[in-house]
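**Student:** need coordinates for the below:
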Amino acid sequence: MHLVLVSGVVTGYQVNDGALQAYNKIERMAEEGKDARPHIYRIAWDLFQRAPWVGHGIGSFQREFQNERVTYYEGRDASAIDGAPRFSHPHNELLFWLDEGGILSVLAIGLAVVAVISQLVRLGWREGLAGAALLLPITLHTQVELPFYISTYHWLILLILLVPIFQQGLQLKSQNLSLGARSLLCWTPLAVVPLLVGFFSPFATLTDRSHELCEESRYATSSPKLRSKQSLF
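**Tutor:** Residues are numbered from 1 along each chain as shown. Okay, here's the model as predicted:
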């Protein structure tokens with residue numbers, strides 16, 4: 001319990017501002033047309049309905065969203081999203097995975113949520129409510145802003161908050177490892193992590209920029225409303 005409270009104090013300062021921003025964004029959504037998110041959510045929902053069970057594939061959101069966006073512009077005033085040539089996420093974690101992985105992926109997320117809720121119940125009402133209070137701000141944030149897939153910072157904070165919650169009631173057993181095994185465990189991350197970062201970062205940047213240029217060129221000429229904004233791209 002003390003570890004949970006300490007984690008809350010340390011991370012509370014960091015997530016508090018995010019929670020306030022999330023509340024303000026939800027409040028703005030009540031005013032139809034003054035925020036881009038209602039349009040983004042509708043396009044993402046229409047996209048989900050085209051492949052509800054398994055989605056359109058991991059990493060396909062940008063391409064499929066742009067395709068659906070052109071259709072959405074027909075007969076609607078979506079000027080609130082005209083200034084953005086592309087979207088890498090729908091500002092909602094569940095919609096993001098519904099589009100890319102369909103109902104099956106959200107069911108997997110649901111199992112993880114059930115596991116967390118079950119653990120909170122086992123902690124009792126005091127510690128359980130304290131843990132739930134720690135998780136609520138960042139959970140709300142993912143429903144109106146960056147998903148964990150894009151925001152590594154928030155993903156790490158969530159993991160830090162979950163560690164003390166799942167540590168309660170665990171039985172630790174010591175295990176003797178050989179000197180070679182200990183050396184392997186210590187040095188492997190130091191060698192592998194820099195290699196992975198150095199290998200994937202240029203490709204991720206190049207892929208992201210290629211998608212951006214492709215979508216700007218293609219969809220700026222495919223829809224009258226998007227074409228009128230071509231000079232802004």
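**Student:** quick check: which ranges of this protein have low pLDDT?
**Tutor:** The model of the chain has pLDDT under 70 over residues 1-34, 83-85, 169, 199-233.
**Student:** which element is encountered next along the chain beyond the helix or strand hosting A130?
**Tutor:** With elements taken from DSSP states H and E, the one containing A130 is helix 125-142. Per DSSP H and E, the first helix or strand lying C-terminal to helix 125-142 is helix 152-167.
**Student:** just checking, what packs against that following helix?
**Tutor:** helix 2-29, helix 93-122, helix 125-142 (3 or more CB pairs under 8 Å, 6 or more residues apart in numbering; DSSP states H and E). (Glycine included, C-beta is placed from N, CA and C.)
**Student:** Q168 is in contact with R122, correct?
**Tutor:** Yes - at 7.4 Å, R122 counts as touching Q168 under the criterion of CB atoms under 8 Å.
**Student:** ok, the two, which is more surrounded?
**Tutor:** Q168 (17 against 13; other CB atoms under 10 Å).
**Student:** now the more buried one: closest residue in space, sequence neighbours ignored.
**Tutor:** Distances taken as CB to CB, 6 or more residues apart in numbering place L123 nearest to Q168, at 5.6 Å, with adjacent residues excluded.
**Student:** any idea how far the one you found lies from L129?
**Tutor:** 9 Å (CB to CB, to the nearest Å).
**Student:** the more surrounded of those two?
**Tutor:** Shown here are L123 and L129; by other CB under 10 Å, L123 has more neighbours (19 against 12).
**Student:** thanks a lot, catch you later.
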